[in-house]
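[1] here is a sequence with its predicted model. Questions after.
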Amino acid sequence: MVNVDRMTYAASPESLGTWLRHPRHIHVQADICDAGAMREVIATHRPSRIMHLAAESHVDRSIDGPAEFIRTNVVGTQVLLEAAREHWAALGNEAKADFRFHHVSTDEVFGSLESSDDQPFDAYTRYDPRSPYSASKAASDHLVRAWHHTYGMPCFVSNTTNNYGPWQFPEKLIPLVTLNALELKTLPVYGDGSNIRDWIHVEDHAEALVLALFRGRPGATYCLGPRQERSNLDVVRAICATLDRLRPDPAGPRERLITFVKDRPGHDFRYAMDPSAAESELAWRAQHDFESGLSQTIAWYLDNEAWWRSIRDKHYAGQRLGGVSA
């Protein structure tokens, strides 16, 4: 496995443990926007399949600074597609037919479901991105499909819901709220907290990605979700309750720390996926229920304070991002 990573602020070599130096794992520190580097790494290692996960992914950061999202997510995807196409075109017939380019994307490209009664997104939902992040990911999805239809390159796309689990950089909702609650800081909730997301455990998503890499059909779209919808307020309350159980605060339940703040600009109301087609075709189904997955995740952060404490002290202390006025 050749792992190409630019090693930006959210990179965590510790997450690989002993695999970082395993003889079957090769780490190349490079930027997917660097065409020469991408051609070199592909020509050197001649991959049979490519999974494209590299992306700027935090909506709030995209509001504050959209340019980096366009650069990495759009230009980087085009550069990687061209390097992959050059490699694919030179393969023998059997290897060429077996090759796959798997592009990993988000449910946010489909826009916002406006009520809890609206049908979840599926592979036929029209695109309607509403943030700089989702717009950049929508553009990259379209590029991948264009390379498939124009050049015949065997590409496909998977779109998924909000991920959570161990090692997640603490700007995301679940680790951010967990660490703030652990430190007895205020827990900011956008608007009234009614916005709804579908939460998939990272291990379930990773399993689906690997299955798709080897079973995915060129030109297909796989919607990957666990059917675990929760409002943001429900998630924050569940984190408080779990922490109260695992590490009680003598001052009382942590729900007292919840503070409602001005909503994020352009905050989509609800995302939800219908994964039934992907479940059938890939023979996959999410195994973690939200409550046990959340408890496992919070316990991991409690057991790995040295890792997140270093991040909080040096890189990101939990301050609000994406507060630019609409």
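    Everything's here; your move.

[2] so where's the chain shaky on pLDDT?
    Judged by pLDDT under 70, the chain has its weakly predicted residues at 322-326.

[3] mind listing the strands for it?
    Taking DSSP state E as the test, the strands found in the chain are 2-5, 26-29, 49-52, 100-106, 155-160, 162-164, 187-190, 196-201, 221-224, 229-231, 258-261.

[4] strands paired with the fourth one, and their directions?
    Read that as strand 100-106. Sheet pairing of strand 100-106 (DSSP bridges) gives strand 49-52 (parallel), strand 155-160 (parallel).

[5] on that earlier part again, reformat the strands of the chain as TSV; add distance to residue 148 and mean neighbour count.
    (Glycine included, C-beta is placed from N, CA and C.) Shown next, in TSV, are these (distance: least, Cβ to Cβ, whole Å; neighbours: other Cβ atoms under 10 Å):
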stretch	distance to residue 148	mean neighbour count
strand 2-5	21	16
strand 26-29	25	14
strand 49-52	13	18
strand 100-106	8	23
strand 155-160	4	24
strand 162-164	25	21
strand 187-190	37	20
strand 196-201	25	23
strand 221-224	11	25
strand 229-231	31	18
strand 258-261	43	13
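
[6] returning to that earlier point: just put the strands paired with strand 100-106 in CSV and tack on distance to residue 229.
    Output for the strands paired with strand 100-106, formatted as CSV (distance: least, Cβ to Cβ, whole Å):
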stretch, distance to residue 229
strand 49-52, 27
strand 155-160, 14
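
[7] quick one, which of those strands is nearest to residue 279?
    Residue 279 lies closest, by Cβ to Cβ, to one member of these: strand 155-160, at 12.5 Å.

[8] hmm, who's touching the closest one?
    Contact partners of strand 155-160, identified using Cβ atoms under 8 Å, 6 or more residues apart in numbering, comprise 81, 100-107, 109-110, 121, 141, 144-145, 147-148, 200, 205, 208-209, 212, 216-225, 273, 278.

[9] pull the contacting residues for residue 294.
    Residues near residue 294 by Cβ under 8 Å, 6+ apart: 164, 174, 235, 238, 239, 242.

[10] mind listing what the closest residue to residue 193 other than its chain neighbours touches?
    Take residue 193 and drop its neighbours on the chain: the residue closest to it by Cβ to Cβ, 6 or more residues apart in numbering is residue 233, 2.8 Å away. Counting by Cβ under 8 Å, 6+ apart, residue 233 touches 189, 192, 193, 194, 258.

[11] ok, those vs residue 115, which is closest?
    Out of those, the member with the shortest distance to residue 115 (by Cβ to Cβ) is residue 194, at 10.9 Å.

[12] isn't the closest one right up against residue 232?
    Yes - using Cβ atoms under 8 Å, residue 194 is in contact with residue 232, at 7.5 Å.

[13] looking at the two, which is more packed in?
    residue 232 (19 against 14; other Cβ atoms under 10 Å).

[14] that one contacts residue 197, correct?
    Yes - counting by Cβ under 8 Å, residue 197 is a contact partner of residue 232 at 7.0 Å.
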